[in-house]
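# predicted coordinates and the sequence they were generated for:
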Amino acid sequence: MQKDPSRLSEDEKQALVQKVVDIVTKTKDVTNVNASVQIEHEWKYFASTEGSYIEQEVWSTSPSFTVTARRDGQTRSRTFTGEMMTGGWEIAERAQMVENAERIAAEAVELCTAKPIDMGVKDLILTPSHAMLTIHEIVGHATELDRILGYEANYAGTSFIKVADLGKLKYGSTLFNVTADRNLRGGVGTVGYDDDGVKTQEWPLVREGILVGLQTNREMAHLIGEKESRGCTSASSWRDYPFLRMPNVHVDAGPPGSPTPEEIIADTKDGVLIDGRGSYSIDQQRYNGQFGGNAFWEIRNGRKTRMVTNVTYNAITTDFWANLDAVSGKESWRMFGTGGDAKGQPTQTNSITHGSPWLRIRKILVGAAYA
């Protein structure tokens, strides 16, 4: 942490979000703007009968703003989500909320007159701020070992994966590489030690499209023949039972020479670009899902053309990732966090980061979903 939020004045923190509001409200047809920086702080002391005495302190900062506009009788909202990260006020300052305020306001207005996309099979281009949700739901949750073993069946569902699939299941194309990492710098699921007192680590989940790893803790690692935990035990507080929770899970950036986002767009004939998170619905095995986003653009003959609305796409997990045919490089890799991930009875919530490059998924059924 470079800037301790508790040591900054309220006026200094207010000034940043107020500047965003001042810029956005200059745009005609904007009716409302809500800018915020959410700050969370956790201090934890862990002691065990095995001799562990561990103190950890974590700050996380989440900047965002939402603009609502009304034109021609239609009201639409557009959200800018900064990178939710562990750290102090410096995370808010480098989120570029001010730099993006005018653009997001203009897009909110444009959305009011945008038309639904034509239904059909299209190529999807997913920005990191959207891909994070799909990664979370059909990769992150599906690779939790307790779900695979049926521990969560009553509340949060199981997984289409079987223990026997480890090292064999074709999860996606050869471009699909996924890493679990509780040491990821800035990740909101990053800690030094889990709530079993186990040192956290980084490990592969998918390599060149093949499932090679799972999320484990001390309670379950031996069930897949591993001799030590991957450090995935967590509890929401001292009074909650600690159990297996998702670490940071990210799709790796492509190697040097990978296409840029602009090159991916230029190479797409008939597609849709999706940004931000939206609606989602997934079956209890994390195999068949439908996902929406926050903003959408039609791609025609290599050009980003008009904004469109109400886009959803169908994702049968292994088929979806098998159609991955373009991954951008590390220059465009970004990580976005999500909070409120519910699991267990009584329910506990978790916060995790999902990093991703820009991704292109070929030939996916796209339709319009109406609220």
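Cool, the structure landed.
# low-confidence bits of this structure, can you list those?
In the predicted model, the chain carries pLDDT under 70 at residues 368-371.
# what do you get if the cut-off is 90, keeping everything else the same?
The chain contains residues with pLDDT under 90 at 118-119, 152, 154-156, 279, 310, 367-371.
# and the helices in it?
For the chain, the helices defined by DSSP state H cover 10-24, 90-93, 97-113, 128-135, 145-148, 261-266, 317-322.
# relative to residue 183, how far out is the residue nearest in space to the middle of the chain?
With distances taken as CA atoms, centre = their mean, residue 132 lies nearest the centre of the chain, 2.5 Å away. Residue 132 sits 19 Å away from residue 183, going by CB to CB, to the nearest Å. In this view, the C-beta of every residue, glycine as well, is placed from N, C-alpha and C.
# residue 351 is in contact with residue 42, isn't it?
No - the pair residue 351 / residue 42 is not scored as a contact, 9.9 Å apart, by CB atoms under 8 Å.
# neighbour count: the two, which is higher?
Legend: neighbour count by other CB atoms under 10 Å for residue 351 and residue 42, higher for residue 351 (23 against 13).
# need the contact list for that one.
By CB atoms under 8 Å, 6 or more residues apart in numbering, residue 351 lies in contact with 40, 60, 84, 188-189, 337-341.
# out of the helices of the chain, which gets nearest to residue 220?
helix 145-148 (5.0 Å; CB to CB).
# output that closest one as CSV, nothing but the C-alphas.
The C-alpha coordinates for helix 145-148 follow below in CSV (Å, rounded to 0.1, in the frame of the first residue of the first chain):
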residue,chain,number,x,y,z
LEU,A,145,-12.5,-29.7,-5.7
ASP,A,146,-15.2,-29.6,-3.1
ARG,A,147,-17.8,-28.9,-5.8
ILE,A,148,-16.4,-31.7,-7.9
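# quick one: it to chain centroid distance?
Chain-centre distance of helix 145-148: 20 Å, with CA atoms, centre = their mean, to the nearest Å.
# ok, and what's touching that helix?
141, 152, 156-159, 161-163, 214-216, 220, 223-224, 243-244, 286.
# same question for stretch 224-242.
Contacts of stretch 224-242 (CB under 8 Å, 6+ apart): 144-145, 163, 166, 180, 182, 193-196, 198-201, 203, 213-219, 221, 243-247, 344, 346, 348-350.
# mark which of the residues you listed are buried, thanks.
Neighbour counting with 16 or more other CB atoms under 10 Å marks 144-145, 166, 180, 182, 193-196, 198, 200-201, 203, 213-219, 221, 243-247, 344, 348, 350 as buried within the contacts of stretch 224-242.
# hang on, the earlier thing: mind putting the contacts of residue 351 in CSV, neighbour count and distance to residue 251 included?
Shown next, in CSV, are these (neighbours: other CB atoms under 10 Å; distance: CB to CB, whole Å):
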residue, neighbour count, distance to residue 251
40, 15, 25
60, 25, 22
84, 27, 17
188, 27, 17
189, 27, 15
337, 25, 15
338, 23, 15
339, 14, 20
340, 7, 22
341, 17, 18
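# identify the bridge partners of residue 298.
Listed beta-bridge partners, residue 298: residue 272 (assigned using DSSP bridges).
# would you agree it is in contact with residue 120?
No - applying CB under 8 Å as the test, residue 298 and residue 120 come out as separate, 11.8 Å apart.
# what about those two, which has more around it?
Using other CB under 10 Å as the criterion, residue 298 and residue 120 rank with residue 298 on top: 20 against 9.
# which residues touch that one?
117, 271-273, 304-308.
# the strands in the stretch 251-371 of the chain, which residues?
Taking DSSP state E, counting those that start in this stretch, the strands of the stretch 251-371 of the chain run over residues 270-275, 280-282, 288-292, 295-300, 303-309, 311-316, 324-327, 334-343, 348-356, 359-368.
# check the offset of the shortest one from the chain's centre.
For strand 280-282, the distance from its own C-alpha centre to the chain's C-alpha centre is 14 Å (CA atoms, centre = their mean).
# parallel or antiparallel, which strands does that strand pair with?
Strand 280-282 has the following sheet partners, assigned by DSSP bridges: strand 288-292 (antiparallel).
# name the residues that touch the partner strand?
Residues from elsewhere that reach strand 288-292 (CB under 8 Å, 6+ apart): 133-134, 137-138, 278-283, 310-317, 369.
# what's the angle between that strand and strand 270-275?
80 degrees (axes from the mean of the first three to the mean of the last three CA atoms, to 10 degrees).
# can you dump the C-alpha atoms of strand 288-292 in PDB for me?
The C-alpha coordinates for strand 288-292 follow below in PDB (Å, rounded to 0.1, in the frame of the first residue of the first chain):
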ATOM      1  CA  ASN A 288     -24.300 -24.500 -19.700                       C
ATOM      2  CA  GLY A 289     -24.500 -20.700 -19.200                       C
ATOM      3  CA  GLN A 290     -25.800 -17.500 -20.700                       C
ATOM      4  CA  PHE A 291     -23.900 -14.300 -20.300                       C
ATOM      5  CA  GLY A 292     -24.500 -10.600 -21.000                       C
END
